[in-house]
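> coordinates only, no sequence provided:
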Ligand code: RUB
C-alpha cells in the first residue's frame, strides 16, 4: 500500500499531470499494487482492490479517462467466477494492458487525423499541456510542415512550460504568453487555429479542460478562428448520460499564493482547475476514430466502447 500511496501523491501533486498520463500512471500503479497482494481468499482480494480503486478514482475528480479504465477492469474482474486469486490477477493484468494499448493507439490516431488539419506555414495557439495536442503538433512538424506555436503559461502551475519545452526541444518555433494575453494575441497576430486537449467530455458534448479554456473558446468565436479539441473518446464520461454532473476539481489555494500576509482576514483564494466549454463553441473533436462534432460523442462512444458503459 505504501507504493500505491506514493504514486497517489505523485498524481495529487501534479508530478504526473494531464488526463492521459494520469490514466496510464494510475492504472500501472493499480496493477503494481494488485501484484503485491498476498492472499488466497477471493473475497479478501476483491475487498482490497475495491479499496485501491476507490482511492485512485477519487484523486482527481475531473478525470473520467482513469475512471473508465478502472471501471472496466473491476467489472471484468468481478465477472470471473473463480476462487483462484492468481487467475484474477492475470485477468487484471491483461485488461490493464488492453486499456493502456487503447490509450497509446488513440494518441497515435489523433496525431494522424489532427495533423491533416494543420496546414503548412500556420500558427497554432494552445493552452496548458496536452499530450494529444503535442502529438499532433510534433507529427505536423515531422511531416515537414513549418508551424509556429503560441502557448499560454497556464497559471498557477505553469503546465504551458511543459508544452513549450517539448516543442522547442524538437525545433518548433514556440512563443509563450501570459494567460491574460490570450485575447490580445489573437487580435494582434495571425492565428490560424486554436487547439486544446480535454479532461472530460459529457453526454451533451460539453468539454472540460484546464481553466482558461473557455476564455480561449470565446476569443476564437469572436475572431472566427477554428477551435478544435483533441481527445480520446475514453475521456467521455458515461455517468453524465445517467444524470451525473462532472465535478470541477478545486485545487489547493497555496498554488496561487503560498504565504499571503496573515493579517488579511477577509482574503479568500479560489483555485478551480478546470472549466466547461459548450459544444457550440467547438468546431470539432479530433479523436481516434476521426474528426466529428462534439454532439456525436455518446453515439460514437457507445458504438466503439460498449463495454465501458455503466451507470
Ligand atoms: C491538464 C489538462 C490537459 C488535459 C489533456 O491539466 O487540462 O489539457 O488533461 O491532456 P492538469 P492529455 O495539468 O491539471 O492535469 O491530452 O495529455 O490527456
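Good, I have the coordinates. No experiment lies behind these values; they were computed from the predicted model shown.
> okay, CA-based contacts and neighbour counts for the rest of this
Will do.
> need the residues of this structure near the ligand, please.
Within reach of the ligand by Cα under 6 Å from any ligand atom, the chain has these residues: 17-20, 128-132, 159, 197-199, 209-210.
> okay, now the residue in the stretch 201-311 of the chain that the ligand sits nearest to: neighbour count?
The nearest approach of the stretch 201-311 of the chain to the ligand comes at residue 210, 3.9 Å away (Cα to the nearest ligand atom). Under the neighbour criterion other Cα atoms under 10 Å, residue 210 is assigned a count of 23.
> beta partners for it?
residue 274 (DSSP bridges).
> OK, contacts around it?
The contact partners of residue 210, by Cα atoms under 8 Å, 6 or more residues apart in numbering, come to 127-128, 198-199, 273-275.
> now for the closest residue in space to residue 191 that isn't next to it in sequence, how many residues are close by?
Closest residue in space to residue 191, ignoring its immediate chain neighbours: residue 123 at 5.2 Å, by Cα to Cα, 6 or more residues apart in numbering. The local packing of residue 123 (other Cα under 10 Å) involves 21 other residues.
> and the longest helix that the chain contains, how far out from the chain middle?
Among the elements of the chain assigned as helix by DSSP state H, the one spanning the most residues is helix 85-115. In terms of Cα atoms, centre = their mean, to the nearest Å, the gap separating the centre of helix 85-115 from the centre of its chain is 15 Å.
> any idea of the mean pLDDT in that helix?
Averaging the model's pLDDT scores along helix 85-115 yields 97.
> for it, buried residues please.
For helix 85-115, the neighbour count (16 or more other Cα atoms under 10 Å) marks 85, 88-89, 91-93, 95-97, 99-100, 103, 106-115 as buried.
> same question for stretch 54-62.
The neighbour-count check on stretch 54-62 (16+ other Cα under 10 Å) flags 56-57, 59-60, 62 as buried.
> inside helices: which ones of these?
For the buried residues of stretch 54-62, membership in helices holds for 56-57, with DSSP H as the criterion.
> now the buried residues of stretch 54-62 in TSV, with pLDDT?
Output for these, formatted as TSV (pLDDT from 0 to 100):
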residue	pLDDT
56	98
57	96
59	95
60	95
62	95
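> residue 30 in helix, strand or coil?
Residue 30 falls in the helix class when you classify it by DSSP: H, G, I helix; E, B strand; the rest coil.
> for it, the count of nearby residues, please.
What residue 30 shows, counting by other Cα under 10 Å, is a neighbour count of 23.
> cool, residue 78 as well?
Neighbour count of residue 78, defined by other Cα under 10 Å: 12.
> what of residue 259?
Taking other Cα under 10 Å as the neighbour definition, residue 259 ends up with a count of 9.
> can you give me the pLDDT of residue 311?
Per-residue confidence for residue 311 comes out at a pLDDT of 66.
> and residue 252, how close does it get to residue 66?
Applying Cα to Cα, to the nearest Å, the value for residue 252 to residue 66 is 21 Å.
> these two - which one has more neighbours?
For residue 252 versus residue 66, neighbours defined as other Cα under 10 Å are more numerous around residue 66 (26 against 15).
> let me see the contact set for the more buried one.
Contacts for residue 66 (Cα under 8 Å, 6+ apart) come out as 19-20, 22-24, 26-27, 57.
> is residue 174 in a helix, a strand, or coil?
Under three-state DSSP, the three-state class of residue 174 is strand.
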